[in-house]
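Undergrad: Any chance you could fold what I've pasted below:
(chains A and B)
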Amino acid sequence: MKKLLIVDDEDGVRALVRMTLDTGDYQIIEASDGHQALDLAREHRPDLVLLDVMLPDLSGMDVCRKIKDDPDLASTTVVMLTARAQTTDVGDAEEAGADGYFTKPFSPIALTRKVESILGPTG
Amino acid sequence: MNPKRPVEVRLAIAALAFLVAVVAVLGTWQVLAARSSQRSEIEAGEVSAAHLASSALGSALASRLDLLSNLADNASLSSIFKQKPAEQAKIAVTLHLIYPGFASFDVIDANGRLGARWPAEPAVVGKDVSSQPFFANVMHSGKAYISQAMQQNTAPKELVTLLAAPVRDTSGRIVGILAASIPGSSLASLIGGTMLRDGGALVVFDQFGHAFTGPGASASKSFSSLPGVASALAGRTGAETGTVPGYSGQRLVGYAPVASTGWVVLVEEPSSVLSGPIDALTERLAAIGLAVAFLAAGIVALVASLLRKLIRERERVGALMASVGEGVATIDMDGIVQLTNPAMDALTGWPSSGLVGKKWAEALDLYDQHGNLIPWQESIAAQAANQGHVVATTGYGLHLARADGQRLPVAMTAAPLRAGNDLLGAVMVLRDVSREREVDQLKSSLVSTVSHELRTPLTMVQGFSELLLSRQDLGEKRSREALEQIHASAQRLGRLIDDLLSVSRIDSGKLRVDLAAVDVRGVVHEVVKVAGSQTEGGLAQGALFADRLVVEVEPGLPAVIADRDKLVQVVMNLVSNALKYSPPGAPVRIVAQRKRDHAEISVIDQGFGMTEVECAQVFEKFTRADRPEVRKVSGTGLGLYITKSLVEMQHGQVWVHSEPGNGSVFALSLPLSPEPEKGEVFALQGTKEPH
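TA: From the prediction side, this is the model:
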């Protein structure tokens, strides 16, 4: 089963992502800040990290960079989840080594498709 | 003089007055010098006239005396005394015919008997004149003699001088005297061509000071003590001013002794001749001076009025410049600063007018939005000065380096300075836009905060509703959770909109408070009831906040003066914050007690606490502590700003005591009301304290 790490400080957003993707096809892990995200990533080695840009402790970009710099996590796909649809964020995300980005507000259906396209069809 | 007159006008007047004074002093000095030199000239003329007259008179008298001596010293004449009176009279007539220069001839024998007289005067013939001084003198000395002034005892009874000479016989014995008279009135003709000025006179005095001529002529009245007469009698020649008998006022007198007679000649004139012409000159000069002074005064008035106008114009421009709140400076075509106003000096940090005379580009550095120095050629000042366009900056990118090195965001407008078609330079207007820039940044921060705060609940409303609509397999539990999330998000959006509206109404002054007596206990209970009914995270499965709230209201606490709804809002805000910013389960105390004439309501939490700096900023708009534990909690940074504004509108105060890690105490105080709250009597009877 593919592992999925959701990183967002907003409980509601995590709940939404969880409910969207909790179809029994993925193992879902949640983190509410950057440090927790890094700890859980190293512990569970998720296939995909959905990473919020604005975290209380670290910036999402920094978390992404650290994941990409970790040889054990090199194969992890990182998709930035951002409330800002600004081009600077897109550029920053690419620079930080993110594999894609997804802007809020998002459609659960679109998110499902995005995740499926990355992790492969379920079932 | 008007003391308000500007210094330049006063200087101009003083300069002109000084010039007029100098001219007046020089003129006066010239007049005095001319007066003095003219006086000595006139006096010298007077002395020389007196001297000439005395010489002429002396020589004329001497020649007549010689003539008479020669006549008398004739042996043939000595026989006359032996002849009869008729014969003697004939001889007198003959003498007159031969020497017509004398007015009379007397033939007197050695006994002093007057033998004959021409012109014939029978009454005096035979009279003894031996008692007369001339007789004794001639008989005694044997020399010819000129007498003092004598009054003739016969007609025309003139004042005369008598010339007397001894007549000797062949043996040399004096046998008689030949005497001839010269009238005082004809002495002047002896002197001849002495030139006298108008109003002048020539007076001859004898050796005793008797005047021969003039109104004071007399054989008995002596003027020997008169200034000129006394000096001349003492043998001196000179000039003096003084009074002369028979003439009015002060007279200028030239005097000289007449040789061998002891007589005196005075040449006198009114003393006004000394100063007459110079007085006329002085009057003319004074008139010219007065005219010049009037003219100068006129010029002064004109110049002063023009200057005053000019200065007033300059002062008006200065006042205008000084009253302009924005920095204004002008530069010439070379970029040299010509003029600055106080606002410009304050803005640039240069001391008053320190910029004037300096090159604008060298004295003031301007930087663009990237912090790069803008070269002079590219500056808008240069564009305005060189191309004659009005140029203005936009945005808040332009920075001015002040004299102390500090950089200030400024807006700048440069306009060409023209006189007719000539380009003279440029005028720059600089404005400190720090405040505008702050407001702009605040606006950006508002947009950013609000858009984030809006987007997050919106994301959940959209997301969960889409899930509910698209996924039939959610099941009842998940569907309910989705609906709860939507509900909580909608509430959050509602609160945000309420906060924004409150701030907008507070800032625009539209929010009103309705003050009345309010029971604090009732307010606290209402807040606890509402806040307590909410759950952690706003979710059904969350723990009730009511379990965490501890209320301590002092028994018998009087009512306060407040707006009940606003007070509920304020206390609710403080309680919500305390619950939000402290760990789950940690108690929050609400304490209300009396402090002198105020009631104090404190909300005490065991949360993260704040630093001193955070405490100082916590009541400001859009201010949130920049820490992870705070960022974790959603918020706009508006709640405490609204709280503080509402408390102050109710004449209360709000403050905070906090330390990082030790929780916070937010407290507010409101004035006590003398009356209880109306219609809330039951509240005073005491209700059961929750928990």
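
Undergrad: okay, CA-based contacts and neighbour counts for the rest of this
TA: Fine.

Undergrad: Contact residues of chain A facing chain B?
TA: When proximity is defined by Cα under 8 Å from any Cα of the partner chain, chain A lies next to chain B at A:9-10, A:12-13, A:16, A:19-20, A:55-57, A:83, A:104-109.

Undergrad: and those residues, which of them are in helices?
TA: A:Gly12, A:Val13, A:Leu16, A:Met19, A:Thr20, A:Pro108, A:Ile109 (DSSP state H).

Undergrad: Now, of these, which are buried?
TA: A:Gly12, A:Val13, A:Leu16, A:Met19, A:Thr20, A:Pro108, A:Ile109 (16 or more other Cα atoms under 10 Å in any protein chain shown).

Undergrad: Just list the residues touching the first one, thanks.
TA: Just to be clear, that refers to A:Gly12. Neighbour list for A:Gly12: B:Met460, B:Gln485 [criterion: Cα atoms under 8 Å, 6 or more residues apart in numbering or on different chains].

Undergrad: Ok, the fifth one next?
TA: By Cα under 8 Å, 6+ apart, A:Thr20 lies in contact with A:Pro108, A:Ile109, A:Leu111, A:Thr112, B:Leu467.

Undergrad: if I look at the spatially most central residue of chain A, how far off is chain B?
TA: Chain A has A:Leu50 as the residue nearest its centroid, 1.1 Å off, counting by Cα atoms, centre = their mean. For A:Leu50, the distance to chain B equals 15 Å [Cα to the nearest Cα, to the nearest Å].

Undergrad: Is that residue bridged to anything, and to what?
TA: Beta-bridge partners recorded for A:Leu50 (DSSP bridges): A:Ile6, A:Val79.

Undergrad: Assess the claim that it and A:Val79 are in contact.
TA: Yes. Taking contacts as Cα atoms under 8 Å, A:Leu50 lies within contact range of A:Val79: 5.1 Å.

Undergrad: low-confidence ranges in chain A?
TA: A:83-89, A:121-123 (pLDDT under 70).

Undergrad: dump the residue contacts of B:Ala382.
TA: B:Ala382 neighbours (Cα under 8 Å, 6+ apart): B:Gly335, B:Trp376.

Undergrad: Per-residue pLDDT of it, please?
TA: Per-residue pLDDT puts B:Ala382 at 82.

Undergrad: same check, this time on B:Gln207
TA: The model's pLDDT for B:Gln207 equals 86.

Undergrad: picking up where we left off before, in a markdown table, list the buried ones among the ones in helices among the residues of chain A next to chain B along with distance to B:Ala361.
TA: Converted to a markdown table, those look like this (distance: Cα to Cα, whole Å):
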| residue | distance to B:Ala361 |
| --- | --- |
| A:Gly12 | 58 |
| A:Val13 | 56 |
| A:Leu16 | 61 |
| A:Met19 | 65 |
| A:Thr20 | 64 |
| A:Pro108 | 60 |
| A:Ile109 | 62 |
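
Undergrad: Relative to chain A, how far out is B:Val524?
TA: 30 Å.

Undergrad: Among the contacts of A:Thr20, which one sits closest to B:Lys143?
TA: A:Leu111 (174.3 Å; Cα to Cα).

Undergrad: quick check: domain ranges of chain B?
TA: Following the assignment in automatic domain parsing, chain B carries domains at B:326-432, B:434-511, B:512-684.

Undergrad: Name the residues of chain B found near chain A, please.
TA: B:452, B:455-456, B:458-460, B:462-464, B:466-467, B:478, B:482, B:485, B:627-632.

Undergrad: List buried residues within those residues.
TA: Looks like the residues of chain B next to chain A have B:452, B:455-456, B:458-460, B:462-464, B:466-467, B:482, B:485, B:630-632 buried, using 16+ other Cα under 10 Å.

Undergrad: Nearest to chain A within the stretch 301-450 of chain B, name that residue for me.
TA: Residue nearest to chain A within the stretch 301-450 of chain B: B:Ser448 (9.6 Å; Cα to the nearest Cα).

Undergrad: returning to that earlier point: can you tell which of the domains of chain B is closest to A:Ile67?
TA: Taking Cα to Cα, domain B:512-684 is the member of those nearest to A:Ile67, at 20.5 Å.

Undergrad: tell me the secondary structure for the closest residue to B:Ala34 other than its chain neighbours?
TA: Once flanking residues are discounted, B:Ala34 sits nearest to B:Ile278: 7.4 Å by Cα to Cα, 6 or more residues apart in numbering or on different chains. For B:Ile278, the assignment made with DSSP: H, G, I helix; E, B strand; the rest coil gives helix.

Undergrad: how far away is B:Ile278 from B:Ala21?
TA: For B:Ile278, the distance to B:Ala21 equals 21 Å [Cα to Cα, to the nearest Å].

Undergrad: Over to B:Ser502?
TA: Counting by Cα to Cα - B:Ser502 and B:Ala21 are separated by 80 Å.

Undergrad: okay, the two: which has more neighbours?
TA: Ranked by neighbour count (other Cα atoms under 10 Å in any protein chain shown), B:Ser502 and B:Ala21 place B:Ser502 first, with 20 against 14.

Undergrad: can I assume the more buried one sits in a strand?
TA: No. Counting by three-state DSSP, B:Ser502 is not found in a strand; it is helix.

Undergrad: pretty sure it contacts B:Thr643?
TA: No. Counting by Cα under 8 Å, B:Ser502 stays clear of B:Thr643, with 10.1 Å between them.

Undergrad: Torsion angles phi and psi at B:Ser36?
TA: phi -60, psi -40 (degrees, to the nearest 10).

Undergrad: and it, how far is that from chain A?
TA: Distance of B:Ser36 to chain A, computed by Cα to the nearest Cα: 106 Å.

Undergrad: Same check on B:Ile506?
TA: For B:Ile506 relative to chain A (Cα to the nearest Cα), the value is 30 Å.

Undergrad: Tell me, how many residues neighbour that residue?
TA: 17.

Undergrad: What's the separation between the closest residue in space to it that isn't next to it in sequence and B:Gln569?
TA: Among residues not flanking B:Ile506 along the chain, B:Ser645 sits closest, at 7.2 Å (Cα to Cα, 6+ apart). As judged by Cα to Cα, B:Ser645 and B:Gln569 stand 12 Å apart.

Undergrad: So these two - more neighbours on which side?
TA: Taking neighbours as other Cα under 10 Å, B:Ser645 and B:Gln569 compare with B:Ser645 leading, 22 against 18.

Undergrad: thought that one was touching B:Arg505?
TA: No. Counting by Cα under 8 Å, B:Arg505 is not a contact partner of B:Ser645; they are 10.7 Å apart.

Undergrad: could you dump stretch B:579-587 to CSV, C-alpha only?
TA: What follows is stretch B:579-587, C-alpha atoms only, in CSV (Å, rounded to 0.1, in the frame of the first residue of the first chain):
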residue,chain,number,x,y,z
LEU,B,579,-8.9,29.4,25.3
LYS,B,580,-7.3,29.5,21.9
TYR,B,581,-3.7,30.4,23.0
SER,B,582,-3.4,28.0,25.9
PRO,B,583,-2.9,24.2,25.8
PRO,B,584,-6.1,22.0,25.5
GLY,B,585,-7.5,21.4,29.0
ALA,B,586,-5.7,24.3,30.7
PRO,B,587,-8.1,26.3,32.9
